[in-house]
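[1] I would like to see how this sequence folds:
(one chain, ligands or ions: 1)
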Amino acid sequence: MLRVGQVMTRLSVSLYSYHTIGDALILMQEKQVSGLPLLNEQGHLLGMVTKEMIFEKSLASFNPVHKAADYLTTRFLPLKEEALLEEVWDLPFDIYPVLNNLDEITGVVTKYSLGRAYFQQIELRRQELEAVFDSAHNGIIAINKQGIITSLNPAAERPARATKEEAVGRYLTDVIIPSGLLDVVRSGIPDFGTKFQVGRRQYISNRTPIVRDGEVVGAVGVFQDVSEIEKVLQELRTVKQLNEELRTTIASSYDGIIICDRQSEILRCNPAVGRILEVSWEDLVGKAFKELVDNGVFRKNIIHLVKKQGGLVSILERSAAEHSLVITGNPVFDDEGEIVKVVINIRDMSELVYLREALEESKQLSEKYQAEIAQMKNHEETSSNVRACSVIMKNVLDLAARVSKVDTPVVLVGEPGAGKEEIAKMIHFQSKRKQGPFYKLNCGSLPYQLLETEMFGQGIALGSGIKGKIGLLELANHGSLYLEDIEKIPLNLQGRLLRVLQDKVLQTSDGNEAVADLRIVAGTHRPLIELVEKGLFREDLYFSLNVVPINVPPLRERKEDLIPLITYYLERNKKRHDLEKAIAPEGIQQLLNYSWPGNVREMANVLERLVVTAQGKTISGKEVKTVLYEKEKNLRAVTVSDVVPLKEAIDDLEQQLVTLAMELHGTTVKAAEALGVNQSTVVRKLQKIKDPKGSHDAKIVQKK
Ligand SMILES: Nc1ncnc2c1ncn2[C@@H]1O[C@H](COP(=O)(O)OP(=O)(O)OP(=O)(O)O)[C@@H](O)[C@H]1O
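    The predicted model follows:
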């Protein structure tokens, strides 16, 4: 800001009463001023003697010896050196004496000098402002009262999509879409922080009215391109969210995670660390990782290993808490390739190993069940092959034949392998249902839920259009279902089965209901009444099923059947293996003398082995004896070294035999064959080996 002192002509002379007008003119000429102050003897300013005044008065008469005081004008205004030009430049006099702070005359200044200096000052400021205006990063646009653009800086050209030359002089909305500046002109109310968008760029604007003499004469808008800021903000939000996600992930990780800085100080760790290492994980933050090693929590310092190897390191550890751990140290590098952090992952393998074993076990079990179920499904039979000529068996078959003509449930009671299933098939194929399917389900071979699904299916909500799993009751509809080992059906399912028998209604897999039109034939090793008495079998189901009980006698009680059965199985196996074989009379005798504890199943097995293994065309008595008593011989080979309770010894031996058979033959089907027992028996025994307390029932379907 210019002051008068910077513009004035500094003087060392003033006029006094003794100066003539001639002196005055000479002094003015010398000092190049158009007026001089006149002081009294005390040095007080009396007024100004100016060329103009001299000229005015000289028009009448002029004499250079006249006193300058005669030309004195006392209409003057002294200015202070400190006065600002903008305050004095348009005062009414042509020349002003100038005083310093001590009120001493220090010079004179003309109105012209003041005006010119002031103008130059204004011009300079204008140029400065224009430079600022043009170089401002923010866009600036000004309009007048009529909405015509009066100024626009280069930064505003981009959103205006017009150059300054194109935009200035045009109506605002012809150039730029947002019309907020017009509102400010109309209302006179400033508007701050409003966001607007031009194309893909985001702007934030401050709009202010230009007020002159209390009247709004225009408005100026300053707007900033915040697209980059918005982008950064968005990135910041994303980073914050990622950070939050990461924090949650680390916190909820089942593996322990420890993050250390380059000095091996623990920066962060998660609750799993506490669980696995059995330490207070919150207290670890801020501590040196080394402390964990020093305190015996870890045996090795993985951070040392990571730093030594300069890369990822995995080690196996056994923690102080006796957990088997896999510890992985993962370095984090900075731009210079220096390790700045180490992320340590701690996986508790003890649990994993346990879980993997459990999973493997249940996978195997599930596969086994699936295979058994598949076998069972394939067991839709087409005929029956009952061979019998004994009176006792003929009576049984007679009874079965009669029963087949009526549609009642039948219960077949008999030892394993005696032929119950064969008779069940016979009943089916002699009944009016023979065109329908015959299915069998072993009630003792599956866990509860699987058994329920296999038996009753898995219905789907009506109208869903999706088909559920078809149960055997539905599959066997219009045919027969043989429920083997019915005594093992769980009580809950007994209730469901009873409802089907009584109501004759089936829930079908498509969510509908169908009339249950099938015959249930049940097989059991023990008379059901015994179970009813013990409360293990529902009495009502017993009465519903046990309409016609048929006892299938063991083979040892019907010796007359031996010959036809031996003949049948000899012929069948000859054909099957394409071998010409006969049995020597001594061999036949051996077979007749044998007690057949495994009944017809055992016989079928023995005959097949004889046909396949006999040396010559005639199966000798010795060969028969070997096959029949091989097991017995093996048993005798068992060394008894101590006297133990018989039950214990039997259990132990049984366990060894089943395990050996499984090892040798691999599947329960083949093991059962080798042991000469029903497959479900093998499964039961295996289950007992695995779970000696007997929390499970036998769970495998019998394979014939
Ligand atoms: N009278 C028979 N004539 C021919 N083969 C028979 C006869 N009885 C049983 N079998 C055969 O003996 C084997 C065992 O028979 P089946 O499965 O019917 O016995 P089961 O009493 O049902 O045994 P489990 O109670 O152990 O299931 C089958 O291969 C069957 O074909």
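[2] For this protein, what lies in contact range of the ligand?
    385-388, 414, 416-422, 484, 523, 525, 565, 600-601, 604, 678, 702, 704 (Cβ under 6 Å from any ligand atom). Quick note: C-beta positions are derived from backbone N, CA and C, even for glycine.
[3] Backbone torsions only: list them for the closest residue to the ligand within the chain.
    Among all residues of the chain, G419 sits closest to the ligand, at 2.7 Å; criterion: Cβ to the nearest ligand atom. The phi/psi pair for G419 (degrees, to the nearest 10) reads phi 120, psi 20.
[4] quick one, what contacts it?
    386, 552, 599-600 (Cβ atoms under 8 Å, 6 or more residues apart in numbering).
[5] so which helix or strand takes in the closest residue to L579 other than its chain neighbours?
    Of all residues not flanking L579 in the chain, V611 sits nearest, at 5.8 Å (Cβ to Cβ, 6 or more residues apart in numbering). Per DSSP states H and E, V611 falls inside helix 599-613.
[6] Point out the other helices and strands that that helix packs with.
    On a contact count with 3 or more Cβ pairs under 8 Å, 6 or more residues apart in numbering; DSSP states H and E, helix 599-613 meets helix 562-577, helix 585-593, helix 621-636.
[7] So what touches the strand or helix carrying Q6?
    Q6 is part of helix 4-7 when elements are defined by DSSP H and E. Helix 4-7 is touched from outside by 79-85, 88, 96, 98, 100, 106, 109, 113-114, 117, with contacts defined as Cβ under 8 Å, 6+ apart.
[8] who does the helix or strand just after it touch, helix- and strand-wise?
    Scanning forward in sequence from helix 4-7 by DSSP H and E, the next helix or strand is strand 9-10. In this structure, strand 9-10 packs against strand 105-110, with contacts taken as 3+ Cβ pairs under 8 Å, 6+ apart.
[9] What is the neighbour count of V391?
    By other Cβ atoms under 10 Å, the residues close to V391 number 10.
[10] quick one: it from S187, how far?
    Distance of V391 to S187, given as Cβ to Cβ, to the nearest Å: 120 Å.
[11] now K488
    91 Å.
[12] So the two - more neighbours on which side?
    Shown here are K488 and S187; by other Cβ under 10 Å, K488 has more neighbours (23 against 12).
[13] Can I get the helices and strands packed on helix 599-613 in JSON lines including mean neighbour count?
    JSON lines is the format used below for these (neighbours: other Cβ atoms under 10 Å):
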{"stretch": "helix 562-577", "mean neighbour count": "16"}
{"stretch": "helix 585-593", "mean neighbour count": "17"}
{"stretch": "helix 621-636", "mean neighbour count": "15"}
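[14] Compile those into JSON lines and extend it with columns for mean pLDDT.
    Below are the helices and strands packed on helix 599-613 laid out as JSON lines (pLDDT from 0 to 100):
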{"stretch": "helix 562-577", "mean pLDDT": "92"}
{"stretch": "helix 585-593", "mean pLDDT": "92"}
{"stretch": "helix 621-636", "mean pLDDT": "75"}
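[15] Need those in CSV (columns: distance to Q507).
    Below are the helices and strands packed on helix 599-613 laid out as CSV (distance: least, Cβ to Cβ, whole Å):
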stretch, distance to Q507
helix 562-577, 41
helix 585-593, 49
helix 621-636, 46
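[16] picking up where we left off before, filter the residues of the chain next to the ligand to the buried ones?
    By neighbour count, with 16 or more other Cβ atoms under 10 Å, the residues of the chain next to the ligand hold 386-388, 414, 416-422, 484, 523, 525, 565, 600-601, 604, 678, 702 as buried.
[17] least trustworthy helix or strand in this protein by mean pLDDT?
    Lowest by mean pLDDT, DSSP states H and E among the helices and strands of the chain is helix 349-377, with a mean of 69.
[18] picking up where we left off before, tell me the pLDDT of the residue nearest to L579.
    For V611, the pLDDT comes out at 93.
[19] again with Q146
    93.
[20] Residues touching the strand or helix carrying Q202, excluding its own?
    Following DSSP H and E, one finds Q202 within strand 201-212. The contact list for strand 201-212, computed with Cβ under 8 Å, 6+ apart, reads 139, 142, 158-159, 178, 180-181, 184-185, 187-197, 216-227, 230.
[21] Just the buried positions in that strand, please.
    202-210.
[22] go on, stretch 492-502?
    493-494, 496-498, 500-501.
[23] can you tell me how far the residue nearest to L579 sits from D398?
    V611 is 32 Å from D398, by Cβ to Cβ.
[24] same check, this time on K307
    90 Å.
[25] Spatially nearest residue to R538, not counting backbone neighbours?
    Counting by Cβ to Cβ, 6+ apart, the residue nearest R538 is Q494, at 4.6 Å.
[26] residues in contact with the one you found?
    537-538, 541.
[27] average model confidence for the strand or helix carrying D134?
    Here D134, judged by DSSP H and E, is contained in helix 111-135. Averaged across helix 111-135, pLDDT comes to 90.
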